[in-house]
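> Quick one, structure for this:
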Amino acid sequence: MKKMTLALLTGVLALSLTACGNAGNSQADTGSQGNNGAAASGTRTYFINPKSIGPAYWAAAEKGAKQAAEDMGVEVVFNAPTEADSSKQINMIQDMLTRKVSGIGVSPNDAKAVGPVFKKAADQDVKIVTWDSDAPDTDRQYYVAPATDEEVGELLAKTIGEEMGGKGQVAFMVAGLGSQNQIAKSDAAKAYFAANYPDIELVTTVSSDDDQQKAYANAQNLIQTYPDLSGIIGFAGGEPPAAAEVVEQAVKAGTIEQGQIAITGIAVPSVVKNYISNGTIKTDIIWDPAKLAYTTVYILDQLAQGNEIKDGMEIPTVGAVKVDGQNVFIGTLEVTSENVDSFDF
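Model (predicted):
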């Protein structure tokens with residue numbers, strides 16, 4: 001039965017999470033470039049590098065990056081390893097630096113590990129922007145995010161705390177233990193519990209490495225290991241739908257009661273739509289990954305042209321953004337049963 005359930009989930013999620021797995025694999029040489037990374041033809045080229053290729057979140061981001069390329073008249077190469085692997089990601093960045101791109105927009109799998117390759121990029125006068133996940137102690141120039149990781153982590157903790165009635169056991173599901181955004185968000189959630197919900201106990205943190213089947217297996221293990229579990233926070237796009245599917249299967253099997261485990265997290269609305277509609281997930285915290293990627297390309301292009309990044313600057317299709325130091329924020333959204341049908345991603 002478990003094998004059939006996993007096979008069914010894999011099939012459903014494969015449809016939901018389909019992305020261009022080969023995107024950017026047939027990359028052409030961008031040609032010789034000058035000091036600012038501009039190609040000999042005059043076309044600026046940017047390498048937009050998510051954590052991995054495949055999940056719906058990154059597929060939506062790819063659409064935004066490509067739209068930005070079209071709107072700005074620049075070249076964008078959107079590519080990443082098929083799994084969230086830091087070493088493979090760094091090798092891919094190094095390869096693109098040899099192609100003399102104008103800038104790189106990276107969502108680092110490991111905030112510390114990208115330091116040397118970012119320094120190499122800076123030494124070549126390649127513009128560097130991180131997005132979705134930061135690497136603050138590096139040569140990156142700006143970080144593009146929906147809000148601070150602390151704000152998102154606190155919002156997730158507040159949401160689950162209210163749904164749990166302020167007490168009980170909670171588990172964290174993350175995409176990677178070395179990702180700066182996952183660390184910062186989960187640390188902020190822990191601090192929020194300590195300050196506001198002292199009767200909520202964090203029992204464990206499990207990582208899927210951005211692998212959907214592993215996220216599903218993690219959720220199964222959580223329910224089996226912690227029979228008194230009252231809540232799950234999924235800090236990345238694949239975690240909430242995996243947790244919701246496992247909870248629904250457990251309810252059907254009679255091993256837990258309906259509403260026993262509250263779930264919230266970060267997920268693309270189209271992937272968790274059914275779970276939100278039927279109440280398995282009451283609130284999903286998200287931002288438009290397409291706008292996040294679009295903003296990343298826009299900021300890189302402004303830097304390549306020597307333009308100033310200003311607070312309140314208007315970005316096409318995105319709107320006004322908040323610039324705080326080296327951070328660019330586009331804002332967050334709450335998805336509930338009342339508005340889930342209004343999202344197109």
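
> In terms of helices and strands, where is E154?
Using DSSP states H and E, E154 sits within helix 149-163.

> Parallel or antiparallel, list what pairs with the helix or strand that that helix is followed by.
Per DSSP H and E, the first helix or strand lying C-terminal to helix 149-163 is strand 168-174. Strands adjacent to strand 168-174 in the sheet, as given by DSSP bridges, are strand 200-207 (parallel), strand 229-234 (parallel).

> Residues contacting the last one, please?
Counting contacts by Cβ atoms under 8 Å, 6 or more residues apart in numbering, the residues outside strand 229-234 that touch it are 156-157, 160, 163-164, 167-173, 189, 200, 203, 215, 219, 222-223, 239-240, 242-243, 247, 260-267. All C-beta spots, glycine's among them, are computed from the backbone N, C-alpha and C.

> at 6 Å instead, please
156, 160, 164, 168-173, 240, 243, 261-265 (Cβ atoms under 6 Å, 6 or more residues apart in numbering).

> same check, this time on the first one
Counting by Cβ under 6 Å, 6+ apart, the neighbours of strand 200-207 from elsewhere in the structure are 169-174, 176-177, 193, 218, 226.

> One more: stretch 337-345?
60, 269, 273, 276-277.

> Can you tell me which of the strands paired with strand 168-174 is most buried?
strand 229-234 (a mean of 26; mean count of other Cβ atoms under 10 Å).

> The stretch 201-345 of the chain: strands as residue ranges?
Ranges of strands in the stretch 201-345 of the chain, per DSSP state E, counting those that start in this stretch, are 229-234, 262-266, 283-286, 314-315, 319-320, 322-324, 327-329, 333-335.

> okay, those strands in TSV with distance to K88 next?
Shown next, in TSV, are those (distance: least, Cβ to Cβ, whole Å):
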stretch	distance to K88
strand 229-234	24
strand 262-266	24
strand 283-286	27
strand 314-315	31
strand 319-320	35
strand 322-324	32
strand 327-329	27
strand 333-335	31
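
> Is it possible to get TSV of those that adds mean pLDDT?
Formatted as TSV, the strands of the stretch 201-345 of the chain follow (pLDDT from 0 to 100):
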stretch	mean pLDDT
strand 229-234	98
strand 262-266	98
strand 283-286	96
strand 314-315	98
strand 319-320	97
strand 322-324	97
strand 327-329	98
strand 333-335	96
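
> quick one, which of those is nearest to N49?
Nearest to N49 among the strands of the stretch 201-345 of the chain is strand 327-329; the distance by Cβ to Cβ comes to 17.2 Å.

> ok, which stretches of the stretch 1-150 of the chain are strands?
45-49, 75-78, 103-106, 127-131, 142-145.

> still on that earlier bit, just the buried members of the contacts of stretch 337-345?
60, 269, 273, 276 (16 or more other Cβ atoms under 10 Å).

> And stretch 297-310, end to end?
End-to-end distance for stretch 297-310, by Cα to Cα, to the nearest Å: 16 Å.

> likewise stretch 265-281?
9 Å.

> Tell me which residues of that stretch come out buried.
265-269, 271-276, 280-281.

> what does that stretch rub up against?
In contact with stretch 265-281 (Cβ under 6 Å, 6+ apart) are residues 16, 56-57, 233-234, 237, 239-241, 244, 248, 263, 284-285, 335, 337, 340, 343.

> From the chain's centroid, how far away is it?
Here the centre of stretch 265-281 is set off from its chain's centre by 16 Å, with Cα atoms, centre = their mean, to the nearest Å.
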